[in-house]
Every structure is written in C-alpha cells, then in structure tokens.
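Trainee: Could you work out the structure for the sequence below:
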Amino acid sequence: MTVYDTSIPGAAALGSPPPRLRLGLPDLVWALAATHFVSRAGAVVQSFLVLYLTQEQHLTPTTAGAVVAAVGVGGIGSQMLGGWLGDRIGRRHTMLVGFLGTAVAIVALGSADTVPVIWATAAGVGLMADLFRPAGSAAVADLPPGQRIRAFGLLFWAANLGFSIATVTAGILAQHGYGILFWINATASVVAALIVWHRVPETRPATPNQPRPALLPRLLRDRLMITMVLIYVAYFTLFLQTFATLPLVMTADGQGPAAYGAVLALNGIIIVVGQPLAVRLLAGRDPSTVLGVSMLLVGVGVGLSVMVHSSVAHAGSVLVWSLGEIGIAVMFGATFADLAPADLRGRYMGVASATWSFGAVFGPLVGTVLLNHAGRATLGAVCAITGIALFAGHRALGPALRCRAATPDE
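Mentor: Here you go, the predicted structure:
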C-alpha cells in the first residue's frame, strides 16, 4: 500500500499528490542521499590534496597547508552564500549551481601550475563545493521534526558509503599519478547535478510578499547559536587533522598514499556499518550528552592517530574517532535545525555548515604549525585536551538546547 505524508511542506501546494514515503522518509531524502553518495564517491581530490601538492607540485608542507586552508576560506563563503541562496532562489537551484560550479573549479585546480593560481583555484573549489550543503540541510530541515534525525542520518550514511569507495579508489589511482583524480571528481559533480535536476523538488516554504528578515541582527541576539558555532569551529579544527596532518605523519613513517587511503576507507566502513545502528540507539538520547561524548572520542582518537606509528595502532585510533564522528553526525543537523527560525532556516543552516569550513581553514594552519614546530606528541596532546574541553562545553549547554528544542522559533 502506498503511504503519504501530507505534513511535508509544499506537498500539495501546487496541486500535486503528497510525496511517497519509503522506510518512513520521503523520496526527496532518498534523492538527496543519492547526490551525497555520488558526489562523495567521486570526491577523490580533497582527501589527497596535501599529498598531491607536496609530491607532484613539490610544495612544502606549510605551503600545502595554506592551499588546503584556501579551500576552507572559499568554503566559508560557500556556506554563507549557499544558505542565502537557499532562502532566496530555492534549495534546488542552489544545489545545481554548486555541483556544476564544482566541476569547473576542480578541473581548473588540476590544471593550475603556479602557487598563486593553485591558491586561487583552491579557493574557487571551496566556494563551489559546499554550496549544496546548507541548501540540502535546509531541505531536510523543512521536513517535520520527527523525520529529521533519520533523514540527516541517511545523508551522512550515504556520503560515507561514497567516501569509502573514494578513498580506496583514490589510494590506488594516486600511485599512478594524480591527474585522473580531478576528472573523476568533476564527472561525479555533474552526475550529482543531474540527479538534483531530475529528482529533487523545491521545498522552500511559501512566504508572503514582504521583506525577508536580515540574518545578522537575529544571529547577534541568539547567544546559544553563537556559542554552538564557536564550539563546532573548534571541533572541526580538531577533526580535520585527519586530512591535514595525519597524511603527513603517516608519510614520515614510510606509509604511502595507499596506506592513508586504507585508513580513510576503514573510517568509512565503520560509519557505513555502525551509523544505521547508531541512529536507532541515539535518536531518543539527550543531544548535548551524545554530542559531548562524541567530541571527547574524536579528541582522544585523533590525538592517538598523530602519535602512533604502526598500521595496527592507526586502525585502533581510527575506530575511536570514527565512533565519535558517528555521534556528531546523528545529532548535528537536527540540533541546529531546532535552533533555526523557519524564515531564516537556510541561512542558519548555512552558518552551521560554515563551522566545517572555518575548521578547514584553522585545521591545516594550526595542525601543520604544531607538527613542524612542536612535534607530533604535542599535537596529539593538544587534540586530546581539546576533546575534553569540548565535552565539558557541550554538557554545559544541555539545558539551553533542551529548552530551545521545546520552544522552536523563539
């Protein structure tokens, strides 16, 4: 029997039948999951960008870190622009612009051969590659609250299934040169755009013809949102050591791109296997507790990753920080959706997504400086201490988060 949910925004606004549900989620979510899978399965450049820059372009680790940070600089603008466009021109059109723009930018980066051009095209990749994130998150936030945790969980699961494929494939291909990685990445972005074009409807809620509220005045009054943003900037600065400094310490230990690809693939496998179970186990738990414990696990796990030397030890540390990453993924989107006013939903989700991009700027810069000047033991200790501090901070926010979830749009 076909089951319909008429509570989904826009379900009958244009006289069309309400969306069909599969496993309790509308077709919109499954289409978004397909775009996440395809785009991540083809996203073979960014995980290996540090190695490409140091081995093929012969840049120093610090310069390579600055280029990776340029992707993050572009990503900050991308998240904010994506949120604004999602509220202005719609979620669907914003995702199309992002995926097609990524295809162009990634080819330009692979063709660049001087440091200024590499830096500029890297910023362009960041500007385009993350446009779809706040728009897609806003589309999920447009769903009824009861569907959000499972929907965000499915998107994360699909992305990591693709990520597992990407890391294994890229690790093998990178041994024969990095050029093909850029073309695979661009093709995947085009395919993701085609899925959006054919399968993703517009979900932006209809609003009266009146001036839209400005983001900044509302945001500056929202102390809980600002505090959450600061916590997650610190968290992603910590987490992104897995892409910024982990490949460098593994290379220093004589482990090449294939070994690093295997580590990332293990992370993806853990998530693909464990995340569906985590959604069922954690969905009814207190978000601040889940998020705080998850950040603690990531801090300890990443700290171990940059200090250990053997493949077995790396595998153990990956297990620890992957479990923390799963907990963050289960609660992150739904928690920020509870904070977002309906008329600023796209822009609030853009601010939330921008915390990743700020982390992508600070992570490579802070991580490579600590690694080069203080050593990997100090870097590992700083990661663990950061995890402990984030745990304490998130636990302290628990009452405020519970109060906001009970009284949305206030």
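Trainee: Against Ile149, how distant is Gln275?
Mentor: 12 Å (CB to CB, to the nearest Å). From N, CA and C alone the C-beta is placed, and that goes for glycine too.
Trainee: Show me whatever sits in contact with both of the two.
Mentor: Taking CB atoms under 8 Å, 6 or more residues apart in numbering as the contact rule, Gln275 and Ile149 both touch Val330.
Trainee: now the chain, which segments are flagged as low pLDDT?
Mentor: Low-confidence segments of the chain, defined by pLDDT under 70, span residues 1-24, 206-213, 408-410.
Trainee: Excluding covalently adjacent residues, which one is nearest to the residue nearest the centre of it?
Mentor: Nearest to the geometric centre of the chain sits Trp356, at 6.2 Å (CA atoms, centre = their mean). If the residues on either side of it in the chain are set aside, Trp356 comes closest to Phe236, at 5.0 Å by CB to CB, 6 or more residues apart in numbering.
Trainee: same check, this time on Gly363
Mentor: Leaving aside its chain neighbours, Gly363 sits nearest to Leu240 (3.4 Å; criterion: CB to CB, 6+ apart).
Trainee: just to revisit the earlier point, next, work out how far apart the residue nearest to Trp356 and Ala108 are.
Mentor: Counting by CB to CB - Phe236 and Ala108 are separated by 26 Å.
Trainee: Looking at those two, which is more packed in?
Mentor: Phe236 (22 against 18; other CB atoms under 10 Å).
Trainee: quick one: contacts for the more buried one?
Mentor: By CB under 8 Å, 6+ apart, the residues touching Phe236 are 355-356, 358-360, 363.
Trainee: what helix or strand does it sit in?
Mentor: Following DSSP states H and E, one finds Phe236 within helix 223-239.
Trainee: Show me what counts as buried in that helix.
Mentor: If you call a residue buried by 16 or more other CB atoms under 10 Å, then helix 223-239 has these buried ones: 225, 228-229, 231-239.
Trainee: Which one of those is nearest to Arg402?
Mentor: Nearest to Arg402, judged by CB to CB, of the buried residues of helix 223-239 is Met228 at 13.4 Å.
Trainee: Is the closest one in contact with Leu339, as I believe?
Mentor: Yes - with contact defined as CB atoms under 8 Å, Met228 and Leu339 form a contacting pair (6.9 Å).
Trainee: Now rank the contacts of Phe236 by neighbours and give me the top one.
Mentor: That'd be Ala360 among those, by other CB under 10 Å, with 29 neighbours.
Trainee: roughly how far apart are it and Val71?
Mentor: For Ala360, the distance to Val71 - CB to CB - is 6 Å.
Trainee: now the angle from whichever strand or helix holds the residue nearest to the centre of the chain to helix 223-239?
Mentor: Secondary structure from DSSP H and E places Trp356 in helix 345-374. Between helix 345-374 and helix 223-239, the angle comes out at 40 degrees (axes from the mean of the first three to the mean of the last three CA atoms, to 10 degrees).
Trainee: Check which helices and strands helix 345-374 sits against.
Mentor: In terms of contacts (3 or more CB pairs under 8 Å, 6 or more residues apart in numbering; DSSP states H and E), helix 345-374 is packed against helix 61-88, helix 132-141, helix 215-221, helix 223-239, helix 241-244, helix 246-252, helix 311-339, helix 376-396.
Trainee: just those: most buried one?
Mentor: The highest mean neighbour count among the helices and strands packed on helix 345-374, using mean count of other CB atoms under 10 Å, belongs to helix 132-141: a mean of 30.
Trainee: Return it as PDB; C-alpha atoms alone will do.
Mentor: Extracted in PDB, the C-alpha atoms of helix 132-141 (Å, rounded to 0.1, in the frame of the first residue of the first chain):
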ATOM      1  CA  PHE A 132      24.900  22.300  -1.800                       C
ATOM      2  CA  ARG A 133      25.400  21.600   1.900                       C
ATOM      3  CA  PRO A 134      23.300  24.400   3.500                       C
ATOM      4  CA  ALA A 135      20.700  24.100   0.800                       C
ATOM      5  CA  GLY A 136      20.400  20.300   1.200                       C
ATOM      6  CA  SER A 137      20.300  20.700   5.000                       C
ATOM      7  CA  ALA A 138      17.600  23.400   4.800                       C
ATOM      8  CA  ALA A 139      15.600  21.000   2.600                       C
ATOM      9  CA  VAL A 140      15.800  18.400   5.300                       C
ATOM     10  CA  ALA A 141      15.100  21.000   8.000                       C
END
